[in-house]
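# here are the coordinates; sequence isn't available:
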């Protein structure tokens, strides 16, 4: 299960209704922030994990797509993990089965996550001028998760942090 803390903009776009939130054994991997923004007059969903700052973007969102936000989230997450070569096809199935539900929740206003999201969106806004097709940029470039981020006086890349959490998920599953 994914707990998606929605920005005000995303809440308004999806017609947000607060759901009951359940706790899970790996809450740090399940808690994500979601935000809606625009690039080249196309609506985009930006997702960032609270613990690892691992991020991905779903580009060119239409209003009917919101009905299948679960699929969009899972597909976007798996695409980004594959792009960074962090999961195998077998592990992909485990991730799909683990995260098949998305529960929406009002933003908890985590300033560190929101600040990092804003920073990465501004960087994307700068890069859009270097690419004729922004979708190609998103599908090829890995800067979102290889960009140095700061948390608790430590600098790290989000791809390294998510790799540890994904390995923890696979080890937990093997022990069950």
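Yes, it's here. Remember, it's a predicted structure, so these values are computed and weren't measured experimentally.

# use CA for all of it now, contacts and neighbours both
Will do.

# how far is stretch 9-19 from where the chain is centred?
Remark: stretch 9-19 is offset 17 Å from the chain centroid, using CA atoms, centre = their mean, to the nearest Å.

# got a list of contacts for it?
The contact list for stretch 9-19, computed with CA atoms under 8 Å, 6 or more residues apart in numbering, reads 34-36, 63, 66, 103-106.

# pLDDT on whichever strand or helix holds residue 4, on average?
Per DSSP states H and E, residue 4 falls inside strand 2-6. For strand 2-6, mean pLDDT rounds to 86.

# ditto for stretch 126-136
On average, the pLDDT along stretch 126-136 is 73.

# for it, give me every contacting residue.
With CA under 8 Å, 6+ apart, stretch 126-136 has contacts from 39-40, 59, 137.

# ends of that stretch, what's the gap?
Across stretch 126-136, the terminal residues are separated by 15 Å (CA to CA, to the nearest Å).

# from the chain's centroid, how far away is that stretch?
That offset, for stretch 126-136, works out to 20 Å (CA atoms, centre = their mean).

# likewise stretch 30-50?
That offset, for stretch 30-50, works out to 7 Å (CA atoms, centre = their mean).

# same question for stretch 144-160.
For stretch 144-160, the distance to the chain centre is 15 Å (CA atoms, centre = their mean).

# buried ones in that stretch?
144-145, 149, 156-159 (16 or more other CA atoms under 10 Å).

# in these, find the pair that's most separated.
The span of the buried residues of stretch 144-160, defined through CA to CA, is set by 144 and 156 at 12.2 Å.

# for the nearest residue to residue 78 once chain neighbours are set aside, helix, strand, or coil?
Distances taken as CA to CA, 6 or more residues apart in numbering place residue 92 nearest to residue 78, at 6.8 Å, with adjacent residues excluded. Three-state call for residue 92 (DSSP: H, G, I helix; E, B strand; the rest coil): helix.

# in this structure, which residue is most central in space?
With distances taken as CA atoms, centre = their mean, residue 47 lies nearest the centre of the chain, 3.0 Å away.
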